[in-house]
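Participant: I would like to see how this sequence folds:
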Amino acid sequence: MSFTRGFTALTAAALLAAAVPAFAQQGVSDPWFGRIAKPKDVDPPKTFANTFSIELPKDWQLVSGHTNTVFLVAEKTKRFLPAAAIVLEYSQLQAAVDQSLLPTVGQIELADIQKRELSGSRFSQQIKTADGRQVIVIQYDRPGLSGATDHVVQYSFPVGTTMYHLICIAPTDQIEKYRPLFAHAAASFMPIKK
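Facilitator: Alright, predicted model coming up:
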C-alpha cells in the first residue's frame, strides 16, 4: 500500500469515526437511510394522492410537480443563497422488480445517471436495508448553481410497477447538516397498501 493510499484510508476512517457518534446521538443507524429517533425538525407524515406517505423537513417550501415529478420541497433561505431540496419523481416500469434483481437495477440506474450528469463525479451506488425494506442509493457530486459543488443522493424505491426516485440535493460543503434529514425522509417514504 502506498503512503498516499494508506494516509487517505486512515483519514477516511478517522472522519467516519468522528461522524458516527453524531448520527448515533440522533438515533439514525445508517447515516444515509434511517429514521431519526426523536425528529424535531420534521413534520408529521403527509399522505399524497392516497398513494404514499412521507415525513418532510419542517418549515421547507412544498411545491407541486408536473408530469413525472410529484413534488419538490426546498429549504427557505435568504435570496440567492444555496439551499437544500428534496424532489420526488416516478416512472412506470414494464414489470414489478424482483428484490433479488435490485443490485442489477441499481447498476443500470447508476449508468443512466452517469450518462445524463456529464459533469458529475464521485459516483457510488449501494443497496440499503432498513425496517425490512431495500432501496437503491446513488450518490454523486455535480456543479451547483452557485458555482460550488452540490451533493446528490437518489433513493430509488420500486413499488409494484412504479419506480419512485426521492432525490435529495444540498451543497457538498454542508451535506453533514442535511444527511439526517435526507435519511429520515427516505426511510419514512411508505407506499399505502390498497
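
Participant: which residue ranges of this structure form helices?
Facilitator: 3-26, 102-116, 175-188 (DSSP state H).

Participant: which one of those helices has the poorest average confidence?
Facilitator: Among the helices of the chain, helix 3-26 has the lowest mean pLDDT, at a mean of 34.

Participant: which ones are touching residue 129?
Facilitator: 33, 135 (CB atoms under 8 Å, 6 or more residues apart in numbering). The way it works is simple: take the backbone N, C-alpha and C, and place the C-beta from them, glycine included.

Participant: tell me the pLDDT of it.
Facilitator: For residue 129, the predicted pLDDT is 85.

Participant: same thing with residue 193?
Facilitator: So, for residue 193, pLDDT stands at 75.

Participant: do you know how far it is from residue 151?
Facilitator: Distance of residue 193 to residue 151, given as CB to CB, to the nearest Å: 33 Å.

Participant: same deal with residue 110?
Facilitator: In this view, residue 110 and residue 151 are 16 Å apart by CB to CB.

Participant: how about residue 59?
Facilitator: Separation of residue 59 from residue 151 (CB to CB) stands at 22 Å.

Participant: dump the residue contacts of the spatially closest residue to residue 89 that is not a sequence neighbour.
Facilitator: Nearest residue to residue 89, sequence neighbours excluded (CB to CB, 6 or more residues apart in numbering): residue 165, at 4.6 Å. Neighbouring residues of residue 165 by CB under 8 Å, 6+ apart: 87-91, 154-157.

Participant: what sits against the residue nearest the centre of the chain?
Facilitator: Nearest to the mean C-alpha position of the chain, by CA atoms, centre = their mean, lies residue 153 at 3.8 Å. Counting by CB under 8 Å, 6+ apart, residue 153 touches 32, 137-139, 167-169, 182.

Participant: which residue ranges of the protein form strands?
Facilitator: 46-48, 52-54, 61-64, 69-74, 85-92, 121-130, 133-143, 149-159, 162-171, 190-191 (DSSP state E).

Participant: turn the ones you listed into a markdown table, including distance to residue 98.
Facilitator: Listed next are those as a markdown table, based on distance: least, CB to CB, whole Å:
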| stretch | distance to residue 98 |
| --- | --- |
| strand 46-48 | 26 |
| strand 52-54 | 21 |
| strand 61-64 | 33 |
| strand 69-74 | 25 |
| strand 85-92 | 17 |
| strand 121-130 | 13 |
| strand 133-143 | 11 |
| strand 149-159 | 9 |
| strand 162-171 | 13 |
| strand 190-191 | 17 |
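
Participant: tell me which of those strands lies nearest to residue 38.
Facilitator: Closest to residue 38 of the strands of the chain is strand 121-130 (CB to CB; 17.1 Å).

Participant: more crowded one of residue 193 and residue 151?
Facilitator: residue 151 (22 against 4; other CB atoms under 10 Å).

Participant: residue 156 is in contact with residue 106, correct?
Facilitator: Yes: with contacts counted by CB atoms under 8 Å, residue 106 reaches residue 156, the gap being 7.3 Å.
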